[in-house]
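A.B. asks: A predicted structure for the sequence below; I have some questions about it.
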Amino acid sequence: MLFLFGVFNLSSAVEVTFLYWGDRHSRNLPSYEVIDGAMLEVGGAGALSGMVNAMRGDDSRTLVFVAGGEFGGAPISVLTKGVSQVKLLNSIGIDAMTPGEHEYDYGWRSLQEVMAKANFPVLLANVINNETSEPLFVPDTVFILPGIKIGVIGLIDPDFKSAVIRSGVLGIEGFEPAGYVREFVSRRREDCDILVALTCLDWEMDSLLAAGSKGLDIIIGRSDSIPFDSLRVVNDVIIVRSGADGKWLGRLSVEVDTGDGGIVNHHAAMLHVEPDAVPVDKKVDRLARKLEKKHTKILNHRIGTLQADWNLEYDKSCNLAQWAADVMHEVSPSAGLAVINHGNLMKGLPAGPIMEKDIWEICPYDYPIVVFQISGVELITILRRAVVASGEFITWSGLILRAEDGELVDSRINGVPIDWKEDYAVVATGYFWDNLKYLLRLSKVDRPHFYLPEANQREIFIKAIESKRIISTPPDDRWIVR
């Protein structure tokens, strides 16, 4: 009897494999990276698909998921409004995707139209159309594989609208995911062997979701720019994620006891996507190159020359942000100030030719330009906080600041000391304006502002380079804190 019982349990064990990535941000072609002292190709849609094919093989119990962030980050996504990415995902043959915040870069209506072309379910439970009170996409689905049924729900950070242009997400609302998970578990637990949340949340939010969930088995989350951790277990919920930019493929294998229920064993890994190490999917690679050639040919022309490297630092002053803020200031010289958060810029650039494509990669998003009003007392308060703060740096144009030991020593606007009784006009991006409370701790309510017509950040940068041709931007001492 004991022997028969053991055989019965063994026969009810089913192994399932999940392959996943997120935050690929339209990195469709390979890039180069130094690995063990050698310059090697990494990433690219063809190599990623080749690795998926090699690992999936004929296994009918392998599922391929994308945890958001497929759009944005590269010109091809902007030029096609994400259509290029859906075509590539269709060609790779993924099983499901949940949209991340940058899938909304071109507006939620555009996203729905583009995702209608997908050959896979687009899952998202916690974003609702305010007019219809219905979710924008199918909240969840069930995959029926040989010997096992797997329920999957899609979720996003409810604050996703703060990362995109606000006009494109009017009329929809994100909600906290916990309640949607409880309803999903209640509805699907009886019929499914395991339940999975495919999320575009950060580690902390995924961990809190797991800690407060009963009946959820796995969370496959968004990816990290620097992959330092591929697996956690919280409240018996397995949480996994991969690396970003298409350079990493996550793999989770679980052994499920479909008789007694539950996961009895698991193993997770993060695999580097190297074209030289895997058979590249030539069909997907050809499609990626064809799309890039068709839609980015216009961008591969020289618009200027950079005499010294543009350095980008996210936590301190740098010459790229200084140049960007100054160019924005020139658009409305009557304004006293311009400001930019460093997270608005995506990469630096070495000295040499400046191609239009470079500016698209530095500024991949179509942020409009806005001018808003700030009082002198508000500005002084902001600067006093800034000289002792850490985190994302903010660069000002038109402002000179000196501080010592956490105290303001001198602060001037265009050479004149800041007057706490005066009001000042500030040039910024639409993203900065939308996130004024987060970036400067200022309310937008009743604050005078206007948008500059037919102007976006990337276009004014390109025009500034074309007009000057030779760009020399040594870092200056506008911000000195000792």
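C.D. replies: Alright, I've got the coordinates. Please read these numbers as outputs of a predicted model, since none were measured by experiment.
A.B. asks: What is the burial count for residue 481?
C.D. replies: A count of nearby residues for residue 481, using other CB atoms under 10 Å, gives 16. For glycine as for every other residue, the C-beta is placed from the backbone atoms N, C-alpha and C.
A.B. asks: actually residue 157, sorry about that
C.D. replies: 21.
A.B. asks: What of residue 415?
C.D. replies: 7.
A.B. asks: Now it: phi and psi?
C.D. replies: Per-residue torsions, residue 415: phi 90, psi -10 (degrees, to the nearest 10).
A.B. asks: For the residue nearest to it when sequence neighbours are not counted, grab the count of nearby residues.
C.D. replies: The spatially closest residue to residue 415, leaving aside those adjacent along the chain, is residue 400, at 7.6 Å (CB to CB, 6 or more residues apart in numbering). Close neighbours of residue 400, defined as other CB under 10 Å, add up to 17.
A.B. asks: do residue 85 as well
C.D. replies: Residues near residue 85, counting by other CB under 10 Å: 27.
A.B. asks: do residue 22 as well
C.D. replies: Applying other CB under 10 Å, I find that residue 22 has 28 neighbouring residues.
A.B. asks: ok, it - contacts?
C.D. replies: Residue 22 makes contacts with 66-69, 100, 200, 221-223, 241-242, 244, as judged by CB atoms under 8 Å, 6 or more residues apart in numbering.
A.B. asks: tell me the least confident of those?
C.D. replies: Lowest pLDDT of the contacts of residue 22: residue 223, 86.
A.B. asks: got a list of what that one touches?
C.D. replies: 21-24, 67, 69, 241-244, 248, 250.
A.B. asks: Kindly recompute the last result at 6 Å.
C.D. replies: 22-23, 241-244 (CB atoms under 6 Å, 6 or more residues apart in numbering).
A.B. asks: do residue 45 as well
C.D. replies: Residue 45 neighbours (CB under 6 Å, 6+ apart): 28, 88, 284, 288.
A.B. asks: at 7 Å instead, please
C.D. replies: Taking CB atoms under 7 Å, 6 or more residues apart in numbering, we find residue 45 in contact with 28, 88, 246, 284-285, 288.
A.B. asks: Quickly note the distance from it to residue 250.
C.D. replies: Per CB to CB, to the nearest Å, residue 45 is found 16 Å from residue 250.
A.B. asks: Ok, residue 413 next?
C.D. replies: Here the distance between residue 413 and residue 250 works out to 49 Å (CB to CB).
A.B. asks: Look at these two and report which has more neighbours.
C.D. replies: residue 250 (25 against 18).
A.B. asks: show me the contacts for the more buried one.
C.D. replies: 19-21, 230, 240-242, 270.
A.B. asks: same question, residue 25
C.D. replies: Contacts for residue 25 (CB under 7 Å, 6+ apart) come out as 69, 72-74, 245.
A.B. asks: cutoff 10 Å now
C.D. replies: Taking CB atoms under 10 Å, 6 or more residues apart in numbering, we find residue 25 in contact with 69-74, 77, 85, 100, 102, 223, 244-246, 346, 364.
A.B. asks: now swap in residue 300 and tell me
C.D. replies: Contacts of residue 300 (CB under 10 Å, 6+ apart): 292-293, 355-357.
A.B. asks: now with 7 Å?
C.D. replies: Listed by CB under 7 Å, 6+ apart, the contact set of residue 300 reads 355, 357.
A.B. asks: I'd like to know how far it sits from residue 269.
C.D. replies: 37 Å.
A.B. asks: same check, this time on residue 352
C.D. replies: Taking CB to CB, one finds residue 352 at 38 Å from residue 269.
A.B. asks: Can you flag the buried ones in the contacts of residue 223?
C.D. replies: 22-23, 241-244 (16 or more other CB atoms under 10 Å).
A.B. asks: Which one of these is nearest to residue 442?
C.D. replies: Each of the buried ones among the contacts of residue 223 was checked against residue 442 using CB to CB; the closest is residue 23, at 29.5 Å.
A.B. asks: Not counting stretch 397-410 itself, show me its contacts.
C.D. replies: Contacts of stretch 397-410 (CB under 7 Å, 6+ apart): 325-326, 328-329, 336-338, 383-384, 387-388, 411-414, 478-482.
A.B. asks: make it 6 Å
C.D. replies: If you take CB under 6 Å, 6+ apart as the criterion, stretch 397-410 is touched by 325-326, 329, 336-338, 384, 387-388, 411-414, 478-482.
A.B. asks: what does stretch 127-144 give?
C.D. replies: 121-125, 149-153, 171-174, 184.
A.B. asks: Which one of the residues you listed is nearest to residue 160?
C.D. replies: Checking the contacts of stretch 127-144 against residue 160 by CB to CB gives residue 174 as the nearest, at 5.4 Å.
A.B. asks: host element of the closest residue in space to residue 283 that isn't next to it in sequence?
C.D. replies: Spatial nearest neighbour of residue 283, chain neighbours left out: residue 91 (6.4 Å); criterion: CB to CB, 6+ apart. Following DSSP states H and E, one finds residue 91 within helix 83-92.
A.B. asks: other SSEs contacting that helix?
C.D. replies: In terms of contacts (3 or more CB pairs under 6 Å, 6 or more residues apart in numbering; DSSP states H and E), helix 83-92 is packed against helix 282-296.
A.B. asks: now for the helix it packs on, which elements pack on it?
C.D. replies: With contacts defined as 3+ CB pairs under 6 Å, 6+ apart, helix 282-296 has these neighbours: helix 45-56, helix 75-80, helix 83-92.
A.B. asks: Let's see it as CSV, backbone CA atoms only.
C.D. replies: C-alpha atoms of helix 282-296 as CSV (Å, rounded to 0.1, in the frame of the first residue of the first chain):
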residue,chain,number,x,y,z
LYS,A,282,16.9,34.2,-38.5
LYS,A,283,13.2,34.9,-39.2
VAL,A,284,12.8,37.2,-36.2
ASP,A,285,16.3,38.8,-36.8
ARG,A,286,15.4,39.6,-40.4
LEU,A,287,12.1,41.1,-39.3
ALA,A,288,13.8,43.2,-36.7
ARG,A,289,16.3,44.5,-39.2
LYS,A,290,13.7,45.2,-41.8
LEU,A,291,11.6,47.2,-39.4
GLU,A,292,14.6,49.2,-38.3
LYS,A,293,15.7,49.9,-41.8
LYS,A,294,12.3,50.9,-43.0
HIS,A,295,11.4,53.2,-40.1
THR,A,296,14.7,54.7,-39.0
